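> Below are the sequence and a predicted model; questions follow.
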Amino acid sequence: QVTLVESGGGLVQAGGSLRLSCVASRSTFSIDLMGWYRQAPGKQRELVASISSGGSANYADSVKDRFTISRDNAKKIVYLQMNNLKPEDTAVYYCRRGTSAGTWTDDWGQGTQVTVSS
């Protein structure tokens, strides 16, 4: 069992920045795939960014060149730096754990709200 705790959400004006953090309790965090998802009201949850144990990152087209995912294996934290935020980025953001094989698990954080005003 792993616990994922997100933080860093809030209210920001369009064009602003936020950094989300997700702290994991799993001792083997360093070998896990990690990802950030988001869910806007009335929409399906979508993958925003993922990062492999080796640091390779992938992004949804909608956030490329604006968001950066990173990880600190020593602290067992995965970050999502969000720049040039847009109102359409408004959503609850969730951290999710994957496996070293590259598949996703059912381990989710509780979510953190990001609201971008125009």
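Structure received. Residues are numbered from 1 along each chain as shown.

> What residues are bridge-paired with Tyr94?
When bridges are assigned using DSSP bridges, the partners listed for Tyr94 are Tyr37.

> list the contacts for it?
Applying C-beta atoms under 8 Å, 6 or more residues apart in numbering to Tyr94 gives the contacts Glu6, Trp36, Tyr37, Arg38, Gln39, Arg45, Trp108, Gly109, Gln110, Gly111. From N, CA and C alone the C-beta is placed, and that goes for glycine too.

> let's go with 10 Å and repeat that
4, 6, 20, 22, 35-39, 45, 48, 108-112 (C-beta atoms under 10 Å, 6 or more residues apart in numbering).

> And the most centrally placed residue in the chain, how far from Gly98?
Within the chain, the residue whose C-alpha comes closest to the C-alpha centroid is Trp36; the distance, by C-alpha atoms, centre = their mean, is 2.5 Å. Counting by C-beta to C-beta, to the nearest Å, the gap between Trp36 and Gly98 amounts to 12 Å.

> Could I get the full set of strands for this protein?
4-7, 10-13, 18-24, 34-39, 46-51, 57-59, 67-72, 77-82, 91-98, 104-108, 112-117 (DSSP state E).

> now these as CSV including mean pLDDT?
Below are those laid out as CSV (pLDDT from 0 to 100):
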stretch, mean pLDDT
strand 4-7, 96
strand 10-13, 98
strand 18-24, 97
strand 34-39, 98
strand 46-51, 98
strand 57-59, 98
strand 67-72, 97
strand 77-82, 98
strand 91-98, 97
strand 104-108, 96
strand 112-117, 98
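
> neighbours around the closest residue to Cys22 other than its chain neighbours, how many?
With C-beta to C-beta, 6 or more residues apart in numbering as the criterion, Cys22 has its nearest non-adjacent residue at 3.4 Å, and that residue is Cys95. Cys95 has 26 neighbouring residues, counting by other C-beta atoms under 10 Å.
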